[in-house]
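>>> this one's structure only:
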Ligand code: ADP
């Protein structure tokens, strides 16, 4: 790339020493060019040997991590870098050694800066063994500020919308209860208006939950809960919804031996509602089955449907916020892409996990766990 052999002038009278000197000059020039290129990358970098010791540290890396080159050269990056938590750096290094693949992690750096490290393996020769890693240092300050502004905006808008929507719902409810004097088609219009207002209200509630969660303002009150009674209560509403679509909705649980769980009742009901809403919404025919079982110190709730399933390439992203599957976008199902994200985050807030098993064309099973009380 730097044309090391290009200027070998044919028929030159220069002696060998002169040629060597020229080569050295070109090499030095190429190196300084390379250094300039690396220093002008948007994100600073450093590189380490397979044992973790740093052998290259760009100017930008020194600046952002407030460490001069001599203080880090030859030392293990996960020991010497001023990033917190320290344990997470060690863990990241050992993951890299195990997997030898690109990995990333978020840390807090000097001046409380949010910093992401992205390690990529360096191969010795083409496709050869991994001889170390190159680490990109990404300053997340601006990204976090932008995310914060997004969340503030969502919070503002959702609170502004809540009042007019609930007032519209209230008036529609009153008129619908006294609707006997209306023509049947007018009553149907009102029912449709009520259904879409209810959907708007549900979306606004999800946005409020999202902003509370992201701002760390979610209040979680863990208490002893009879999970069977709670599921039976929530499922009663969804059984009606399912039967309107000719779907069967069954709840299977062992009569004894299911202990109470430690959970927040509002969060638990939201998780159940979001998962049952999806199961009834996306399943066109067949059945939905809710089952309950205990394994060690956790109780598991599995919601299985005979719906379209979820394609493999989107399964990883499906729990991210605002992500909707392709079939949901092309078909006429309404949604915000927040239900699964909230269900997952709420489960984690209570010390559990939400997982998915699915096969395209065969159905999906969402399973969440909660700790035994
Ligand atoms: P929403 O349903 O509002 O789009 P969710 O976060 O609840 O958002 O779900 C995200 C996406 O996951 C949906 O758009 C849909 O593509 C897919 N999905 C969720 N549950 C199911 C299910 N039971 N069967 C098939 N696809 C599902």
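Received the coordinates, thanks. Everything numeric here is computed off the predicted structure, so don't read it as measured data.
>>> Residue numbers of the stretch 151-300 of the chain in contact with the ligand?
Applying C-beta under 6 Å from any ligand atom, we find that the stretch 151-300 of the chain lies next to the ligand at 274, 278-279, 282. Glycine gets a C-beta too; all of them are placed from N, C-alpha and C.
>>> In helices only, show me these.
274, 278-279, 282 (DSSP state H).
>>> where do the strands sit along the protein?
45-49, 54-57, 103-108, 114-123, 130-139, 223-225, 248-252, 261-263, 287-295, 298-305, 354-359, 363-371 (DSSP state E).
>>> Most tightly packed of those?
strand 261-263 (a mean of 24; mean count of other C-beta atoms under 10 Å).
>>> I would like the residues contacting that one, please.
222-225, 227, 268, 299, 350-351, 370-373 (C-beta atoms under 8 Å, 6 or more residues apart in numbering).
>>> just to revisit the earlier point, turn the strands of the chain into a markdown table, including distance to residue 322 and mean pLDDT.
Formatted as a markdown table, the strands of the chain follow (distance: least, C-beta to C-beta, whole Å; pLDDT from 0 to 100):
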| stretch | distance to residue 322 | mean pLDDT |
| --- | --- | --- |
| strand 45-49 | 32 | 96 |
| strand 54-57 | 38 | 95 |
| strand 103-108 | 21 | 96 |
| strand 114-123 | 21 | 95 |
| strand 130-139 | 22 | 95 |
| strand 223-225 | 30 | 97 |
| strand 248-252 | 28 | 96 |
| strand 261-263 | 26 | 97 |
| strand 287-295 | 25 | 96 |
| strand 298-305 | 22 | 98 |
| strand 354-359 | 17 | 96 |
| strand 363-371 | 19 | 98 |
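>>> Got the domain ranges for this protein?
As assigned by automatic domain parsing, the chain contains the domains 44-139, 143-214, 223-371.
>>> closest one to residue 27 among those?
Evaluated over these, closeness to residue 27 peaks at domain 44-139, with 16.9 Å, by C-beta to C-beta.
>>> Kindly provide the distance from the residue of the stretch 51-200 of the chain found nearest the ligand to residue 205.
Ranking the residues of the stretch 51-200 of the chain by distance to the ligand (C-beta to the nearest ligand atom) places residue 199 first, at 10.1 Å. Residue 199 is 11 Å from residue 205, where distance means C-beta to C-beta, to the nearest Å.
>>> now residue 83
From residue 83 to residue 205 the distance is 38 Å (C-beta to C-beta).
>>> Over to residue 181?
Counting by C-beta to C-beta, the gap from residue 181 to residue 205 is 33 Å.
>>> Which one of those two is surrounded by more residues?
residue 205 (16 against 7; other C-beta atoms under 10 Å).
>>> who's in contact with the more buried one?
Taking C-beta under 8 Å, 6+ apart, one finds residue 162 in contact with residue 205.
>>> can you pull the pLDDT of it?
Looking at residue 205, its pLDDT is 94.
>>> same thing with the one 10 residues further on?
According to the prediction, residue 215 has pLDDT 89.
>>> The closest residue to it other than its chain neighbours: how many residues sit nearby?
Spatial nearest neighbour of residue 215, excluding adjacent residues (C-beta to C-beta, 6 or more residues apart in numbering): residue 151 at 6.2 Å. Residue 151 is flanked by 16 other residues according to other C-beta under 10 Å.
>>> I'd say residue 151 and residue 214 touch.
Yes. Assessed by C-beta atoms under 8 Å, residue 151 is found in contact with residue 214 at 4.6 Å.
>>> so who does the closest residue to the ligand within the stretch 151-300 of the chain touch?
Nearest residue of the stretch 151-300 of the chain to the ligand, counting by C-beta to the nearest ligand atom: residue 278, 3.4 Å away. By C-beta under 8 Å, 6+ apart, residue 278 lies in contact with 339-340, 366.
>>> Any chance of those residues in a markdown table with distance to residue 137 as columns?
Output for the contacts of residue 278, formatted as a markdown table (distance: C-beta to C-beta, whole Å):
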| residue | distance to residue 137 |
| --- | --- |
| 339 | 36 |
| 340 | 32 |
| 366 | 37 |
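>>> that older thread, would you check how far apart the residue of the stretch 151-300 of the chain closest to the ligand and residue 66 are?
Using C-beta to C-beta, which is the criterion applied here, residue 278 is 48 Å from residue 66.
>>> Please apply the same query to residue 180.
75 Å.
>>> The two: who's more crowded?
residue 66 (12 against 6).
>>> Nearest residue to the residue sitting nearest the centre point of the chain in space, please, no chain neighbours.
Per C-alpha atoms, centre = their mean, the C-alpha nearest to the average position across the chain is that of residue 320, at 4.4 Å. Using C-beta to C-beta, 6+ apart and skipping residues adjacent in sequence, the residue nearest residue 320 is residue 341, 6.3 Å away.
>>> and if you look at residue 85?
Per C-beta to C-beta, 6+ apart, closest to residue 85 is residue 107, 7.3 Å.
>>> Low-confidence bits of the stretch 201-350 of the chain, can you list those?
327-332 (pLDDT under 70).
>>> Between the two ends of stretch 71-82, how far is it?
For stretch 71-82, the first and last residues are 12 Å from each other (C-alpha to C-alpha, to the nearest Å).
>>> In the chain, where's the longest helix?
helix 141-177.
>>> how far out from the middle of the chain is that helix?
23 Å (C-alpha atoms, centre = their mean, to the nearest Å).
>>> do the same with stretch 63-81
On C-alpha atoms, centre = their mean, the centre of stretch 63-81 falls 31 Å from the chain's centre.
>>> Enumerate the positions of it that are buried.
For stretch 63-81, burial by neighbour count (16 or more other C-beta atoms under 10 Å) applies to 64-65, 67, 72, 76-78, 80-81.
>>> Stretch 239-249 now?
For stretch 239-249, by 16+ other C-beta under 10 Å, it's 239, 242, 247, 249.
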